[in-house]
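In: predicted model and sequence below, questions to follow.
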Amino acid sequence: MVEMLATLAAGVVVILFIIALIALSGGEFAVAGVVFLSASIIIYLRETQLIDQSSD
């Protein structure tokens with residue numbers, strides 16, 4: 001189950017990066033910044049919480 005959550009988190013990050021790049025190309029810099037920040041937080045949580053649990 002943990003591996004599925006880690007994979008799902010990685011998929012969400014990819015989607016967030018796509019959204020951020022679209023916002024960036026449209027000139028919505030604040031939206032792009034928030035989405036990039038959200039993606040970074042999800043990456044951090046994935047690496048510290050989900051990946052650590054799967055190695056147990």
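Out: Done, it's in.
In: residues near residue 39, how many?
Out: 19 (other Cβ atoms under 10 Å). C-beta here means a position set from N, CA and C on the backbone, and glycine is covered the same way.
In: for the helix or strand where it lies, buried residues please.
Out: Per DSSP states H and E: residue 39 is located in helix 29-45. For helix 29-45, a neighbour-count test (16 or more other Cβ atoms under 10 Å) marks 32, 35, 36, 39, 42 as buried.
In: what do you get for stretch 16-29?
Out: Those would be 16, 19, 20, 23, for stretch 16-29 by 16+ other Cβ under 10 Å.
In: helix or strand for the last one, which one?
Out: In this case it means residue 23. Applying DSSP H and E, one finds residue 23 within helix 2-25.
In: between helix 29-45 and that helix, find me the angle.
Out: Here helix 2-25 runs at an angle of 160 degrees relative to helix 29-45 (axes from the mean of the first three to the mean of the last three Cα atoms, to 10 degrees).
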